[in-house]
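K.L.:
give me a 3D structure for the following:
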Amino acid sequence: MNILSSWPQANEKMTTMKKIVLIILLIGFFIELNAQKRNMFINTDRTMMQISDSSAFSTQSIAEYINSRFFTQSEKARAVFIWVAENIYYDVDNMYSDTTLEIDEVLKTRKGVCSDFTNLYSDIANKVGVKTYIITGYTRKNKRINYNPHAWCASMIDSTWYLFDPTWGSGHITDRQYIKEINNVYFMIKPKRFIKTHIPFDPLWQFLNYPITKREFLEGRIKPADEEFFFNFIDTIKIYDKRSEIEQLTNTYIRIKTNGVTSYLDQITLYHLKLDFYEKSYEELYNLAFKLYYDGMLLSNKYIVYKNNYYLPYKNDSSIKQMLDDIENIFNLALSRLDEIKNSPSYLKIHISNL
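P.N.:
Here you go, the predicted model:
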């Protein structure tokens, strides 16, 4: 009887011990991974610590310094990551600001939030020949979802996509104090592991053949419940790169909505995508109208030159009338394109009015 009554307690203790052992193993794994990456690029890190202020006043100068000293893509990616992580400090006072600083301002103040870290990393990485995208989404840490929007990067290293979080890799916040501490865990991470903590708004940027939904991320899953649908993200990215901005916005909107809208951040993202879509559409219509206007002016000038030359060489009346009709038609077509622009942004209204 005593044995039976004590069994649940013993079982509970065993379960607790298993959890403790698992946590210890995970901590050991991340410490070892951190050390491995640091040791692998120790010479790269040392070289980047020697960069002078005169070589770090712009992203172009930093890129030139890197290109003159490193030749492999992994070394270049590491050089960019470690420089950003070591030299840029997280701006705790503006952590909830939605304002993105100009890159020159970030380099000058050496402070910024996640969007500034990623803009800087991406700009330098692309300049040194490492193809990089900026990705936005939200995160999970210590099993808790953080619904503050976050940004990170993806870089192609030797034809393989890896993920980078230069913000988390540079340090952490404790009691609203920023602690500078390089964390190599967030350098060059494989997508299957990165999805444990970061989910992009657009499932394309999971870089997975079987992406998970937002709901599955909230439930703590790292693999989809249904693996019947194979997603060829490599070909999709190639197609994405060839699309116009409007097509990219449209396809992104569809993918996000299909993947599931589970938080207000998803809804806000879709809302801003709509605004961006209309803004780009209006800009395209305005640019088309301006091109038609320009073509109309060329025809007008051609007619004026012809008229000033006493209508020589000779043309019959119907041909001359056709010249004037062409001018009128092209100006009317330009005006009709402007009429298609409804509720345009204020900056565009001035240009439309002038045209």
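K.L.:
and the residue lying closest to Tyr65 once chain neighbours are set aside, what's its pLDDT?
P.N.:
In this structure, Tyr65 finds its nearest non-sequential neighbour in Ser55, 4.6 Å apart by Cβ to Cβ, 6 or more residues apart in numbering. (Glycine included, C-beta is placed from N, CA and C.) The score at Ser55 is 88. That number is its pLDDT.
K.L.:
tell me the contacts of Ser55?
P.N.:
Ser55 makes contact with Ser61, Ile62, Glu64, Tyr65 under the criterion Cβ atoms under 8 Å, 6 or more residues apart in numbering.
K.L.:
same check, this time on Ile82
P.N.:
Phe41, Thr44, Asp45, Met48, Ile182.
K.L.:
and the pLDDT for the third one?
P.N.:
What that stands for is Asp45. pLDDT, Asp45: 96.
K.L.:
quickly find the element holding the residue lying closest to it once chain neighbours are set aside.
P.N.:
Spatial nearest neighbour of Asp45, chain neighbours left out: Ile82 (5.1 Å); criterion: Cβ to Cβ, 6+ apart. Assessed by DSSP states H and E, Ile82 sits inside helix 73-87.
K.L.:
so which bits of that helix are buried?
P.N.:
73-87 (16 or more other Cβ atoms under 10 Å).
K.L.:
what about stretch 142-162, average pLDDT?
P.N.:
Stretch 142-162 carries an average pLDDT of 94.
K.L.:
and what of stretch 201-221?
P.N.:
Regarding stretch 201-221, the rounded mean pLDDT is 95.
K.L.:
can you pull the buried residues of that stretch?
P.N.:
Applying a neighbour-count criterion of 16+ other Cβ under 10 Å, one finds 201-208, 211-214, 216-217 buried in stretch 201-221.
K.L.:
so which of those residues sit within helices?
P.N.:
Lys214, Glu216, Phe217 (DSSP state H).
K.L.:
with distance to Thr174 added, can I get those in CSV?
P.N.:
Compiled in CSV, these are given as follows (distance: Cβ to Cβ, whole Å):
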residue, distance to Thr174
Lys214, 29
Glu216, 30
Phe217, 26
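K.L.:
which strands and helices sit next to the following helix or strand past the helix holding Ile82?
P.N.:
The C-terminal neighbour of helix 73-87 among helices and strands, as given by DSSP H and E, is strand 89-90. The criterion is 3 or more Cβ pairs under 8 Å, 6 or more residues apart in numbering; DSSP states H and E, and the helices and strands that strand 89-90 contacts are strand 111-112, strand 171-174, strand 177-180.
K.L.:
how about residues contacting strand 89-90?
P.N.:
Strand 89-90 is contacted by residues Arg110, Lys111, Gly112, Val113, Phe117, Thr167, Ser170, Gly171, Ile173, Tyr178, Lys180 when judged by Cβ under 8 Å, 6+ apart.
K.L.:
and the fifth one, what is it in contact with?
P.N.:
The reference is to Phe117. Taking Cβ under 8 Å, 6+ apart, one finds Val84, Ile88, Tyr90, Ala151, Pro166, Thr167, Ser170 in contact with Phe117.
K.L.:
okay, the second one: pLDDT?
P.N.:
This means Ile88. 96.
K.L.:
next, count neighbours for it.
P.N.:
If you count neighbours by other Cβ atoms under 10 Å, Ile88 ends up with 23.
K.L.:
got phi/psi on the nearest residue to Ala85 once chain neighbours are set aside?
P.N.:
In space, and not counting its chain neighbours, Ala85 is closest to Ser170: 4.0 Å by Cβ to Cβ, 6+ apart. Dihedral angles phi and psi of Ser170 (degrees, to the nearest 10) take the values phi -90, psi -20.
K.L.:
and Ser170, how many residues sit next to it?
P.N.:
Other residues near Ser170 come to 24 when the count uses other Cβ under 10 Å.
K.L.:
didn't it look like it was pressed against Val84?
P.N.:
Yes. Between Ser170 and Val84 there is a contact at 7.1 Å, judged by Cβ atoms under 8 Å.
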